[in-house]
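Participant: fold the following for me, if possible:
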Amino acid sequence: MEQQKDINTKHILKFLLPSLAGVALFLVPIRIDGEFTLLVNLIINATKSAMGNFLLPFVLLVLGVSAVCSALGFCNPKLFKGYWARLFNVKIFNLFIRIFAFLIGIMVYFKLGPEFIWSKNTGGMMMVDVVANLIPFFLWAGMFIPLLTEFGLMEFVGNLLRPVMRPIFRIPGRSAVNCSVAWVGSGTMGIVLTNKEFEDGFYTRREAATISASWCVASVAIVYLLSSFLKLANYFPLIYITVIGVGVLINIIICRIPPLSRFSETFYENAPKRNVSEEIPAGHSRLSYALYSATARASEEKENLIKSGLKITGDIWFTLEPIVLAIGTVGTILVEYTPIIGYLALPFEWVVGLLGLPEATLAGQCILLGGVDLFLPFVVGMGLESMVTKFALTITCICQIIFLTETGPLLLKLDMGIKLWHLVALFLIRTLLALLMATPLAFFFFG
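Facilitator: Alright, predicted model coming up:
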């Protein structure tokens with residue numbers, strides 16, 4: 001980074017205006033009809049409403065393009081170049097997933113084939129309630145995320161918060177923005193933001209994996225919704241404060257133990273070389289250097305932001321959506337039509353019973369289902385009666401983070417080095433830690 005002689009009003013505005021717009025979109029809750037939401041969520045929901053009945057056909061179109069172009073790229077790798085080669089020149093497993101997802105999409109949309117595939121509790125739920133919602137979600141996430149990353153906000157916050165983030169969580173100060181977006185706004189959006197920063201050369205693989213697998217908790221609005229499923233909405237402030245406390249303690253522990261502690265400290269191979277040192281040069285205070293770094297970043301020459309945003313959107317649409325639909329449909333079929341979940345949940349049932357929580361069988365199954373989908377534990381757990389168990393279950397499942405229908409496939413798709421066994425290990429570690437912390441609090445509050 002070259003030394004900038006003067007910081008004038010123009011430099012400051014170039015940093016402040018886009019950054020404040022990003023903060024307003026992603027981090028400032030607003031109250032609409034008695035409920036809190038984010039401005040970006042209003043835009044996403046408005047887009048979804050505007051698409052109306054065209055949304056599902058558009059999902060099918062995306063799945064079809066992904067499958068057909070991947071088949072062409074697999075057969076003739078020279079057909080696609082540059083960005084498109086990255087999307088469609090795939091290996092056999094990814095080709096199978098994309099074709100399989102397209103076939104599921106056709107079966108769901110036209111209600112063809114066995115009902116267990118397209119029913120409202122399996123493929124139908126995944127396509128209508130999950131994949132379709134991701135279309136407008138990632139469109140606007142891709143377009144707006146550069147407001148947080150390209151105009152100096154990360155540098156400004158990073159330099160201010162380095163004394164907190166680095167020693168406590170072993171991640172750079174700039175990651176405070178990623179963590180805030182993931183926690184307050186959306187876990188998935190936090191992962192996308194972190195991956196962009198990783199590919200831009202600001203995080204090592206260990207740092208990017210730590211942020212993505214530690215901080216991407218469900219948003220405030222989703223936590224409230226999930227609490228209401230178990231008739232705990234009146235206790236939402238207590239629940240959210242507990243989620244924050246338990247989540248922070250888990251993150252302090254999990255960044256210091258395998259598998260995250262053993263991730264490589266290497267940067268993304270194609271990333272530009274960055275000065276990622278957060279040391280304050282002589283002659284600067286922490287605040288003055290934070291402002292200098294922010295204005296310098298804002299003044300850098302940038303790729304067309306609309307083009308950059310559309311690249312992020314296309315990457316997610318054509319690569320992640322098929323994975324979510326394919327894996328999510330298989331997972332929900334196993335839940336709905338086989339006894340396998342009951343057998344797999346036996347270790348969780350045993351731990352829950354050992355901790356003294358009532359209704360251990362159902363609670364154990366709910367905890368396991370948290371690894372399939374964020375909502376499943378709360379839908380299945382609606383039959384619980386014990387307030388102690390419901391509170392402990394709510395805290396535990398919200399803090400699990402890793403689940404098959406969204407965060408899991410997204411993390412596997414990225415180049416941070418996260419493997420399937422990493423996700424299984426992280427899910428089990430987070431679940432056990434959350435359950436051990438939440439249970440005594442549940443007995444204290446409701447016992």
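
Participant: residue boundaries of the helices in the stretch 151-300 of the chain?
Facilitator: Secondary structure of the stretch 151-300 of the chain (DSSP state H, counting those that start in this stretch): helices at 153-169, 175-180, 187-199, 205-214, 220-229, 236-254, 286-299.

Participant: how about Gly383: what's its closest non-neighbour residue?
Facilitator: Leu362 (6.4 Å; C-beta to C-beta, 6 or more residues apart in numbering). (C-beta placed from N, C-alpha, C; glycine too.)

Participant: so what's the residue count around that neighbour?
Facilitator: 20 (other C-beta atoms under 10 Å).

Participant: coming back round to it: of the helices of the stretch 151-300 of the chain, which approaches Ala326 most closely?
Facilitator: helix 187-199 (17.5 Å; C-beta to C-beta).

Participant: may I have the closest one as CSV, with CA atoms only?
Facilitator: Extracted as CSV, the C-alpha positions of helix 187-199 are listed here (Å, rounded to 0.1, in the frame of the first residue of the first chain):
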residue,chain,number,x,y,z
GLY,A,187,-24.8,-17.0,8.2
THR,A,188,-24.8,-17.8,4.5
MET,A,189,-24.0,-14.2,3.6
GLY,A,190,-21.2,-14.2,6.1
ILE,A,191,-19.7,-17.2,4.4
VAL,A,192,-19.9,-15.6,1.0
LEU,A,193,-18.4,-12.4,2.3
THR,A,194,-15.5,-14.3,4.0
ASN,A,195,-14.8,-16.4,0.8
LYS,A,196,-14.6,-13.2,-1.2
GLU,A,197,-12.1,-11.8,1.3
PHE,A,198,-10.2,-15.1,1.2
GLU,A,199,-10.0,-15.1,-2.6
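
Participant: one step back: tell me the contacts of the residue nearest to Gly383?
Facilitator: 380-381, 383-384 (C-beta atoms under 8 Å, 6 or more residues apart in numbering).

Participant: picking that back up, dump the helices of the stretch 151-300 of the chain to TSV, plus distance to Val324 and mean pLDDT.
Facilitator: Formatted as TSV, those follow (distance: least, C-beta to C-beta, whole Å; pLDDT from 0 to 100):
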stretch	distance to Val324	mean pLDDT
helix 153-169	28	83
helix 175-180	22	80
helix 187-199	10	85
helix 205-214	16	92
helix 220-229	17	73
helix 236-254	24	90
helix 286-299	33	85
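
Participant: okay, now the domains of this structure?
Facilitator: Under the assignment automatic domain parsing, the domains of the chain span 9-218+282-326, 220-261+330-446.

Participant: now distance to Glu269 too, for these, in JSON lines please.
Facilitator: As requested, these are exported to JSON lines (distance: least, C-beta to C-beta, whole Å):
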{"stretch": "domain 9-218+282-326", "distance to Glu269": "10"}
{"stretch": "domain 220-261+330-446", "distance to Glu269": "8"}
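
Participant: of all the ones you listed, which one is nearest Ala271?
Facilitator: When the domains of the chain are compared by C-beta to C-beta, domain 9-218+282-326 sits nearest Ala271, at 3.3 Å.

Participant: state the distance from the residue nearest the centre of the chain to Ile97.
Facilitator: Taking C-alpha atoms, centre = their mean as the criterion, Thr188 is the residue nearest the geometric centre of the chain, at 2.3 Å. According to C-beta to C-beta, to the nearest Å, Thr188 and Ile97 sit 19 Å apart.

Participant: how about the strands in the chain?
Facilitator: Using DSSP state E, the strands assigned to the chain run over residues 29-32, 35-38.

Participant: may I see the buried residues of the last one?
Facilitator: By that I understand strand 35-38. 37-38 (16 or more other C-beta atoms under 10 Å).

Participant: what pairs with it, parallel or antiparallel?
Facilitator: Neighbouring strands of strand 35-38 in its sheet, by DSSP bridges, are strand 29-32 (antiparallel).

Participant: make a markdown table out of the helices of the stretch 151-300 of the chain and add distance to Val372.
Facilitator: A markdown table is the format used below for the helices of the stretch 151-300 of the chain (distance: least, C-beta to C-beta, whole Å):
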| stretch | distance to Val372 |
| --- | --- |
| helix 153-169 | 28 |
| helix 175-180 | 25 |
| helix 187-199 | 16 |
| helix 205-214 | 17 |
| helix 220-229 | 15 |
| helix 236-254 | 20 |
| helix 286-299 | 40 |
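
Participant: for Thr338, find the nearest of these.
Facilitator: Across the helices of the stretch 151-300 of the chain, closest to Thr338 is helix 220-229 (C-beta to C-beta), at 23.7 Å.

Participant: residues touching the closest one, excluding its own?
Facilitator: Against helix 220-229 from outside (C-beta under 8 Å, 6+ apart): 29, 35-38, 41, 184, 217-218, 233, 235-236, 239-240, 243, 374-375, 378-379, 381-382, 394, 397-398.

Participant: at 7 Å what do you get?
Facilitator: With C-beta atoms under 7 Å, 6 or more residues apart in numbering as the test, helix 220-229 has contacts from 29, 36-37, 184, 218, 233, 236, 239-240, 243, 378-379, 382, 394, 398.

Participant: pull out the buried members of these.
Facilitator: Buried among the contacts of helix 220-229 (16+ other C-beta under 10 Å): 29, 37, 184, 218, 236, 239-240, 243, 378, 394, 398.

Participant: now the two most distant members of those.
Facilitator: Pro29 and Phe378 (21.5 Å).

Participant: excluding covalently adjacent residues, which one is nearest to Ser386?
Facilitator: Pro358 (4.0 Å).

Participant: and Thr313, by the same measure?
Facilitator: Gly142 (3.7 Å).

Participant: residue contacts, that neighbour?
Facilitator: Neighbouring residues of Gly142 by C-beta under 7 Å, 6+ apart: 309-310, 312-313.

Participant: go on, Gly105?
Facilitator: 59-60, 63, 127, 325.

Participant: next: Pro136.
Facilitator: With C-beta under 7 Å, 6+ apart, Pro136 has these contacts: 44, 47-48.

Participant: if we go to 10 Å?
Facilitator: 43-51, 55, 58 (C-beta atoms under 10 Å, 6 or more residues apart in numbering).

Participant: now the residues you listed in JSON lines, with distance to Phe403?
Facilitator: Listed next are the contacts of Pro136 as JSON lines, based on distance: C-beta to C-beta, whole Å:
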{"residue": "Ile43", "distance to Phe403": "25"}
{"residue": "Ile44", "distance to Phe403": "20"}
{"residue": "Asn45", "distance to Phe403": "22"}
{"residue": "Ala46", "distance to Phe403": "27"}
{"residue": "Thr47", "distance to Phe403": "25"}
{"residue": "Lys48", "distance to Phe403": "22"}
{"residue": "Ser49", "distance to Phe403": "27"}
{"residue": "Ala50", "distance to Phe403": "29"}
{"residue": "Met51", "distance to Phe403": "26"}
{"residue": "Leu55", "distance to Phe403": "23"}
{"residue": "Phe58", "distance to Phe403": "25"}
